[in-house]
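> One predicted model, sequence on top.
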Amino acid sequence: MFSVAEILFDTRPKTEKKDFFDREKEIEELKDIIAHRDFAAVLGIRRIGKTSLVRVTLNELSNYMALSINLGKLGNKKSYPMEIFSRIFIEGSVEVLRKNTFAGKVSKIIANRLGIDPTDILELNWVKISIRLREFNTHDVNEVVRALDSISKDNGKYLVIFIDEVQNIKKIRGFDLGSFLHDIYEWCNNTIIVVSGSFVGVTEEILNQVEEEKPFFGRKFFRIKLDRFNEEKSKEFLKAGFTEEGIEVNEKVLEEAIRLFDGIPGWLALFGRSYSYAMKHSHQVDIKIILKEAAKEVSRDFTRFLKLSNSPMRYAETILAISRLGNKGSLSEIRESVNSLFKEEIEDSRLHELLGTLINYGFIIKIGRGKYSLPSDLPTKLGLKHSAKNWIKKMS
């Protein structure tokens, strides 16, 4: 028998603080928000450690029940019916029920609403649950949350609802996020909401809309922004991980990895794990293969975005136009590049709109007044370019 340890180079979300590098400031910040019963939003690009931050922070606290609603499970469709959200919500609720036996009566509330046996809820018998799931609406979700809030309070605990990848809520038809949050704020004073969002601009749009409109008007989410590691932190992370793996690595290798992966923890962990495995088992070490693997993930992300967008060709053309300019350029330079590459005119107003959407989804960044750039890490640059080229080739 052997035990599986969580380690720094594990690319899956962390739960233990010892396996989560740095982020002390952000952990304490989230603890403070939770302690004051405020709502929190953890923002940052993909693979930056948002889910790990929330899980590790909750694991550091005592006397809480955590209900996770993982909207990252949603696929590539533009929209989903309410029952898909209900399914994800029920899955998260059942996980809470299984960990806290005193919360068992909540399964009866769900079961009564669906007209099935509570045992079917606890066993996640989807054959029976799915038949009535269409009848489960925002009001029913709020009723379950109210019950969990009351039960957690009666047992000296508080309830934390973690909505992961909250920007995907836009895909759910029939779910009223503002009403959901308002009900919790008004009636569940023992409940805290924590959300995370990878597409920062899109997430901010959602949060701003919720904060500025009834019925949630006047309330706010406290934002925590996760940034890339700087060069020093990246080197510390890699050295700590390689020490944990029992691997000695040349300084030049570390410097190349830091340059290529530019402070994104997920990429650094992928590199560290792949490099360690190759060294331990006498395989050839080729950083370009690791880079290619990372770029494929970005390519899949951008292709998924293109499939869901209304102007996929225009977005692909814009990415390639910026790439041709050396990965950055002004609005006029990008317009001229698009026109030159694809022999078609595009107006400044339309290009500005396209660039704004790409910024919101984290595929480009604004580096100054009227200037734009692809992200600085090489996997993202390569992945975006690969996806854009393939899309245009496929559609031509």
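Happy to help now that I have it. Residues are numbered from 1 along each chain as shown.

> Pop the domain breakdown of this structure in here.
With domains defined by automatic domain parsing, the chain comprises 23-225, 231-294, 297-395.

> Could you dump the ones you listed into CSV with distance to L8 added?
C-beta here means a position set from N, CA and C on the backbone, and glycine is covered the same way. CSV is the format used below for the domains of the chain (distance: least, CB to CB, whole Å):
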stretch, distance to L8
domain 23-225, 11
domain 231-294, 4
domain 297-395, 19
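
> The ones you listed into CSV, with extra columns for mean neighbour count and mean pLDDT?
Below are the domains of the chain laid out as CSV (neighbours: other CB atoms under 10 Å; pLDDT from 0 to 100):
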stretch, mean neighbour count, mean pLDDT
domain 23-225, 18, 93
domain 231-294, 17, 94
domain 297-395, 18, 95
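
> how about the ones you listed, which one is nearest F9?
domain 231-294 (4.0 Å; CB to CB).

> ok so L341 is a helix residue?
Yes: assessed with DSSP: H, G, I helix; E, B strand; the rest coil, L341 lies in a helix.

> ok so, going back, of the domains of the chain, which is nearest D10?
domain 231-294 (6.9 Å).

> chain center to the closest one, what's the gap?
23 Å (CA atoms, centre = their mean, to the nearest Å).

> Then stretch 190-198?
12 Å.

> Show residues contacting it.
30, 33-34, 37-46, 50-51, 54, 145, 148-150, 152-153, 158-167, 181, 184, 203-204, 206-207, 221, 362 (CB atoms under 8 Å, 6 or more residues apart in numbering).

> Which among the domains of the chain is found nearest to I7?
Once the domains of the chain are compared by CB to CB, domain 231-294 is nearest, at 5.7 Å.

> Need the phi and psi values for F221.
When read as degrees, to the nearest 10, the backbone of F221 gives phi -100, psi 130.

> In strands only, show me the contacts of stretch 190-198.
39-43, 158-164, 221 (DSSP state E).

> Looking at the residues you listed, spot the one nearest E347.
L43 (31.5 Å).

> can you tell me how far that closest one sits from Y185?
Using CB to CB, to the nearest Å, we find L43 at a distance of 20 Å from Y185.

> Go ahead and confirm F342 touches E317.
Yes: in terms of CB atoms under 8 Å, F342 counts as a neighbour of E317; the distance is 5.3 Å.

> For the helix or strand containing S349, enumerate the helices and strands it packs against.
S349 is part of helix 348-360 when elements are defined by DSSP states H and E. Judged by 3 or more CB pairs under 8 Å, 6 or more residues apart in numbering; DSSP states H and E, the packing partners of helix 348-360 are helix 200-212, helix 312-324, helix 331-342, strand 365-368.
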